[in-house]
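Asks: Build the 3D model from these lines:
(one chain, ligands or ions: 1)
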Amino acid sequence: MNIIDGKYVSNIIKEELSERIIIENINPGLGIILVGNRPDSKIYVNMKKKSCSKIGIKNFDVTLPENVSEEDVINEVEKMNNNNEIHGILIQLPLPKHINEQNVLSKVLLEKDVDGFHVQNIGNLALNRLNNCFAPCTPTGCIELLKRYNIQIEGKNVVILGRSNIVGMPLSFLFLHNNATVTICHSKTKNLKEVTQRADILVAACGRPNLITKDYIKNECVIIDVGINKIQCDNEKGYQIVGDVNFKDVIDKVKMITPVPGGVGPMTIAMLLTHTVEACSKINNKNN
Ligand code: NAD
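Replies: Here you go, the predicted model:
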């Protein structure tokens, strides 16, 4: 089978974390701040809370109204910074437009920044000082998947579609630090197909449903599809979730590929849990 099964790998990681929590006798806690009523954000937060509970991470979640002030969100972050039972802090993005996300993210204590979005931690990532910080969860999940499937990264031509601060940009650093030759494409890239056809590993993270078809790739390419796109269809729900890659069209040409859903999505949560357990372990070791 040429499927990279993120759901399967994420379940193994969760089992490993449950064991680690017991062996190290630690009590990790995750603080979650949700602002407003976005249905997708609520779903993501609920999934994260459920996964935490399953493996023995305590949730401390706060929901704030859409019209909350930036100052009040920062107050909640500071309360979580000072709470010894909380080892990781997650601010569900996006925040409402009147709040400056960077102002809020940069108030999270560095050692509790399990999402890796603090400006200083992005700097640490760029400088490959990963001992002192967490890289963002979705990019870390992509690399972890490749490693767990023994897919070589060093020396490979990696093409990433998307340059966002959450996925494309941090992922490019992780691939660089793993000795890949990295090309980043974005909405202004010319002759996209010519670039993607050179990829040994292609990561699609541009939010364009089914953009990548078999004529965009070379034979035996490995594809990591990060995209999560809701498209209308005539099933019961009236919609379907698809990636940025046309799975059916490419499946016979690729060496390996992540499905959507069941690929990168579950790995994002598994990495958040890993970072929270890691943060708790580090804080405990420091205090012992
Ligand atoms: P974004 O909208 O912030 O960034 C999209 C990027 O894609 C931009 O850099 C843009 O320049 C680039 N782009 C747009 N059109 C392009 C094109 N035709 N060719 C090449 N590049 C193009 O999005 P994001 O937050 O980085 O998310 C990207 C996708 O990944 C979305 O579908 C999102 O839902 C999904 N996502 C999934 C997870 C997960 O856990 N699986 C996590 C985060 C984001």
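
Asks: What residues does the chain have near the ligand?
Replies: 138, 161-164, 166-168, 185-187, 189, 192, 205-208, 211, 226-229, 264-265, 268 (CB under 6 Å from any ligand atom). In this view, the C-beta of every residue, glycine as well, is placed from N, C-alpha and C.

Asks: Just the buried ones among the residues you listed, please.
Replies: Buried residues within those, counting neighbours by 16 or more other CB atoms under 10 Å: 138, 161-164, 166-168, 185, 189, 192, 205-208, 211, 226-229, 264-265, 268.

Asks: Filter the residues you listed down to just the ones in strands.
Replies: Using DSSP state E, the subset of those located in strands is 161, 185, 229.

Asks: In JSON lines, list the residues you listed along with pLDDT.
Replies: Compiled in JSON lines, those are given as follows (pLDDT from 0 to 100):
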{"residue": "Leu161", "pLDDT": "98"}
{"residue": "Cys185", "pLDDT": "98"}
{"residue": "Asn229", "pLDDT": "96"}
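
Asks: three-state assignment of Asp61?
Replies: Here Asp61 is strand, with the state taken from DSSP: H, G, I helix; E, B strand; the rest coil.

Asks: what's the burial count for it?
Replies: 16 (other CB atoms under 10 Å).

Asks: The closest residue to it other than its chain neighbours in helix, strand or coil?
Replies: Setting aside the residues directly before and after it, Asp61 is nearest to Ile32 in space (CB to CB, 6 or more residues apart in numbering), at 4.2 Å. The local conformation at Ile32, judged by three-state DSSP, is strand.

Asks: Quick check: the gap between Ile32 and Thr196.
Replies: Using CB to CB, to the nearest Å, we find Ile32 at a distance of 36 Å from Thr196.

Asks: Then Gly116?
Replies: 27 Å.

Asks: cool, Leu161 as well?
Replies: From Leu161 across to Thr196, the span is 7 Å (CB to CB).

Asks: overlap in contacts of those two?
Replies: With contacts taken as CB atoms under 8 Å, 6 or more residues apart in numbering, the residues that reach both Leu161 and Thr196 are 185, 202, 212.

Asks: and these as CSV, adding distance to Leu110?
Replies: Output for the shared contacts of Leu161 and Thr196, formatted as CSV (distance: CB to CB, whole Å):
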residue, distance to Leu110
Cys185, 31
Leu202, 33
Ile212, 36
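
Asks: Can you list the helices and strands that the helix or strand that contains Glu278 packs against?
Replies: If you go by DSSP states H and E, Glu278 is part of helix 264-287. The contact analysis (3 or more CB pairs under 8 Å, 6 or more residues apart in numbering; DSSP states H and E) places helix 264-287 against helix 6-24, strand 29-35, helix 39-55, strand 88-91, helix 137-148.

Asks: pretty sure Asn150 belongs to a strand, no?
Replies: No: counting by three-state DSSP, Asn150 falls outside a strand, being coil.

Asks: and it, how many neighbours does it have?
Replies: The local packing of Asn150 (other CB under 10 Å) involves 6 other residues.

Asks: Equivalent analysis for Arg38, please.
Replies: There are 16 residues near Arg38, going by other CB under 10 Å.

Asks: contacting residues for it?
Replies: Contacts for Arg38 (CB under 8 Å, 6+ apart) come out as Pro94.

Asks: Now the phi/psi pair for it, please.
Replies: Main-chain torsions, Arg38, degrees, to the nearest 10: phi -60, psi 120.

Asks: how much space between it and Thr138?
Replies: Relative to Thr138, Arg38 is positioned 18 Å away (CB to CB).

Asks: Over to Asn165?
Replies: As judged by CB to CB, Asn165 and Thr138 stand 11 Å apart.

Asks: contact partners of the helix or strand hosting Leu174?
Replies: Following DSSP H and E, one finds Leu174 within helix 168-177. The set of residues external to helix 168-177 that reach it, using CB under 8 Å, 6+ apart, is 116, 122, 125-126, 128, 130, 135-136, 138-140, 142-143, 153, 158, 160-163, 182, 184, 186, 201, 203, 205.

Asks: Closest residue of the stretch 1-150 of the chain to the ligand?
Replies: Closest to the ligand within the stretch 1-150 of the chain is Thr138: 4.1 Å, counting by CB to the nearest ligand atom.

Asks: Report the spatially nearest residue to that residue, omitting neighbours in sequence.
Replies: Of all residues not flanking Thr138 in the chain, Thr268 sits nearest, at 4.6 Å (CB to CB, 6+ apart).

Asks: same thing with Gln120?
Replies: Of all residues not flanking Gln120 in the chain, Leu110 sits nearest, at 6.1 Å (CB to CB, 6+ apart).
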